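Novice: could you look at this predicted model? Sequence included:
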Amino acid sequence: MSLDDIKLSPFLVKKLYEKTLIDSSFAKSNIVENHPFLQEKKNPLEKENVSETKHPDQIKYLGKNAKKILILVNEPEHAFLGDEELSFLMNVLNACSISMVDVAVVNSNNDETVEYEKLMIQFSPSVILFLGTEPQLLGFPVQIPIYQVQQYNKQQYLCTPNLQKLSTDKEEKKQLWVSLKKIFSIG
């Protein structure tokens, strides 16, 4: 009989390990948090990526805005973006060496209070991307030709078609990439 074949009853196991050196609730959460194979796949739309607003009049957004990159979309059918659009956006951001943590995605369609001054105060953006929406509709004091990187008030602006069109049209993707390379200094 080997040691691998020994069977212990639950009562005996409990008695043997009454006093442990590690708090089991801490050990379990710490192992799951730090072990890549035990972690659950995180949905990019989970609560941790949606802003927690302290004031009800603040604009809701997706992301953490760590690098002050504001992405404005106009999606009437979704809270922020559809699954395909979000996946495409995340691929574009990854190609620019940024992530959802670095940006704030605001759906201007779902909030009438989304306007220039409020966006500037809440987000203090250094880069503003208009994906399928126009700056003038949100009270921005600039007019930006599509795919032209514009400087205004120490900020960089870019207007593009919506994410659905960008994700399906190869020529649009090329133009987007040329513009993003300028904004994010990609070689």
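Specialist: Thanks, I have it.
Novice: in this protein, what secondary structure element scores lowest on mean pLDDT?
Specialist: helix 24-34 (a mean of 47; mean pLDDT, DSSP states H and E).
Novice: I'd like the next helix or strand past it.
Specialist: Using DSSP states H and E, the helix or strand that directly follows helix 24-34 along the chain is strand 62-63.
Novice: okay, now the sheet partners of the helix or strand just after that next one, with direction.
Specialist: For strand 62-63, the succeeding helix or strand toward the C-terminus, using DSSP H and E, is strand 69-73. Strand 69-73 has the following strand partners under DSSP bridges: strand 103-107 (parallel), strand 127-131 (parallel).
Novice: for the one helix or strand residue 94 maps to, which positions count as buried?
Specialist: Taking DSSP H and E as the criterion, residue 94 maps to helix 83-95. Residues of helix 83-95 classed as buried: 85-86, 88-90, 92-93 (neighbour count, 16 or more other Cβ atoms under 10 Å). All C-beta spots, glycine's among them, are computed from the backbone N, C-alpha and C.
Novice: would JSON lines of those residues with pLDDT be doable?
Specialist: Shown next, in JSON lines, are these (pLDDT from 0 to 100):
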{"residue": "85", "pLDDT": "94"}
{"residue": "86", "pLDDT": "94"}
{"residue": "88", "pLDDT": "95"}
{"residue": "89", "pLDDT": "96"}
{"residue": "90", "pLDDT": "95"}
{"residue": "92", "pLDDT": "96"}
{"residue": "93", "pLDDT": "96"}
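Novice: noted, bye for now.
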